[in-house]
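Trainee: I'll drop the sequence and a predicted model, then ask my questions.
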Amino acid sequence: MEDVTTARFFHTQERIFGARKKPIKKFTNAKGNQRYWKNVGLGFKTPKQAIEGTYVDRKCPFTSRVSIRGRLLRGIIKTAKMKRTVVIRRNYLQFHPKYQRYEKRHRNFSVHMSPAFDFSIGDEAVVGQCRPLSKTVRFNVVKINPKSKKEQKLKEFSKF
């Protein structure tokens, strides 16, 4: 059986009917094309690429029926070797009562990355919890904070 993402057929958004004679004003973007998008709430803006783009992603929180509810987390993008999925790393401190000190710990999360975002390794991602999208993915990226040029220079070896 073929996977939905690799099958060769015409991909359309769930809530858009292509044969409609008069497009619904609610689902029409600035260019006049039919496109379904929504505001995920919680103070996050919908990216322009989600409104004006042409991609079809059934797991995108801005252009599909996936809702953001539960926890909001922040982490650094570590790897992007999967298709539309990235791994983020969350660093935190754990208190050790016997030694009255904190120890550094981290967790890696697999997170769905919408095609609406342009990102690079090392950027900070704000993710929101959603329904399980796969075996390991339970979070969706809702905002990207790009790493600044100043931070890149600090970690660069500057002897030569």
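Mentor: Nice, thanks for sending it over.

Trainee: what's the burial count for residue 54?
Mentor: 9 (other C-beta atoms under 10 Å). Just so you know, the C-beta spots here come from the backbone N, C-alpha and C atoms, and that holds for glycine as well.

Trainee: what's near enough to touch it?
Mentor: Taking C-beta atoms under 8 Å, 6 or more residues apart in numbering, we find residue 54 in contact with residue 33.

Trainee: surely it is in a helix?
Mentor: No. Secondary structure of residue 54 (DSSP: H, G, I helix; E, B strand; the rest coil): coil, not part of a helix.

Trainee: and the pLDDT at it?
Mentor: At residue 54 the predicted local confidence, pLDDT, stands at 84.

Trainee: how far away is residue 113 from residue 52?
Mentor: Distance of residue 113 to residue 52, computed by C-beta to C-beta, to the nearest Å: 19 Å.

Trainee: for the chain, list the residue farthest from the centre, please.
Mentor: Ranked by distance from the centre of the chain (C-alpha atoms, centre = their mean), the top residue is residue 98, with 39.6 Å.

Trainee: phi and psi next, for it.
Mentor: The phi/psi pair for residue 98 (degrees, to the nearest 10) reads phi -60, psi -40.

Trainee: helix or strand: which one has the residue nearest to the spatial centre of the chain?
Mentor: Nearest to the geometric centre of the chain sits residue 141, at 2.6 Å (C-alpha atoms, centre = their mean). Assigned by DSSP states H and E, residue 141 belongs to strand 139-145.
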